[in-house]
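Participant: Dropping a prediction and its sequence here:
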Amino acid sequence: MSTGAGATPTGTQVVLRPLATPLPLGFLALALATTVFSAVQLGWVPPEEGRVAGYTALFATVPLQLLASVFGFLSRDPVAATGMGVLSGTWAVAGLTTLSTRPGQVSPGLGTLLLVGAAAMLVPAAAAVSSKVVPAAVMALAATRFAVTGIYELTGSAAWKTTAGWVGVVLAVLAIYAALALELEGARERTVIPVGRRGAGRSAMAGDGPLDPGDLIREAGVRPQL
């Protein structure tokens, strides 16, 4: 703040760098992994092709979602940062396990991890639902995908395997829709297809509620304690 023309600024100044939303990148990376794993689970490709699913997770999905997580933190978006970080780590373990086990072999250890990962994904989903419904739905469905796949890995049930595959297909479609909606929104600076914005999410897109410097002291990265 300045006390007059030519006066020396006083008080704390916070400079923000404009950043694009990382969610479209993270959601498209999610679509890649879940589609390839679903193709194996549904028998669309031979079990031996599971290695392609493992490579896809490790060399496409994991790095892209990790990048999305980092930029989520830089954008001060805890939903994007946390959600993409959990997805990245979970897919990394799933990819490594797929590559290190026999085709078609289940892994109770992976099943346990997937169940915990499902519970973890409900945290950013719950945080997002009050402002952006479609991204929240993607994260909630990703949690469902992990949970159903985890049950299959623990039980070896063919029915759970098929269910996991179809949940993965639906997740891919929803993730691509969400990525397209957010990408168009960012490119055209208006809502083109519904994202389900409401509350603070709708106000932010409409340009309502400008930043109040008094509120910045409560922001993570500005306040003395996280």
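Facilitator: Looks like it came in fine.

Participant: now the strands: where do they sit in the protein?
Facilitator: Taking DSSP state E, the chain contains no strands at all.

Participant: Select the helix or strand of the chain having the lowest average pLDDT value.
Facilitator: helix 200-206 (a mean of 55; mean pLDDT, DSSP states H and E).

Participant: Could you measure from residue 109 over to residue 87?
Facilitator: 19 Å (C-beta to C-beta, to the nearest Å). C-beta: built from backbone N, CA, C; applies to glycine.

Participant: Mind checking which of these two has more residues around it?
Facilitator: Neighbour totals were compared for residue 109 and residue 87, and residue 87 leads with 31 against 12 (other C-beta atoms under 10 Å).

Participant: Look up the closest residue to the more buried one, ignoring the ones flanking it.
Facilitator: Once flanking residues are discounted, residue 87 sits nearest to residue 65: 5.0 Å by C-beta to C-beta, 6 or more residues apart in numbering.

Participant: Correct me if wrong: that neighbour contacts residue 88.
Facilitator: Yes - using C-beta atoms under 8 Å, residue 65 is in contact with residue 88, at 3.9 Å.

Participant: of these two, who's got more company?
Facilitator: Between residue 65 and residue 88, counted using other C-beta under 10 Å, the more crowded position is residue 65 (31 against 23).

Participant: contacting residues for that one?
Facilitator: 25, 26, 29, 30, 84, 85, 87, 88, 91 (C-beta atoms under 8 Å, 6 or more residues apart in numbering).

Participant: From residue 106, how far out is the nearest residue to residue 57 once chain neighbours are set aside?
Facilitator: Excluding its sequence neighbours, the residue lying closest to residue 57 (C-beta to C-beta, 6+ apart) is residue 95, at 3.2 Å. In this view, residue 95 and residue 106 are 16 Å apart by C-beta to C-beta.
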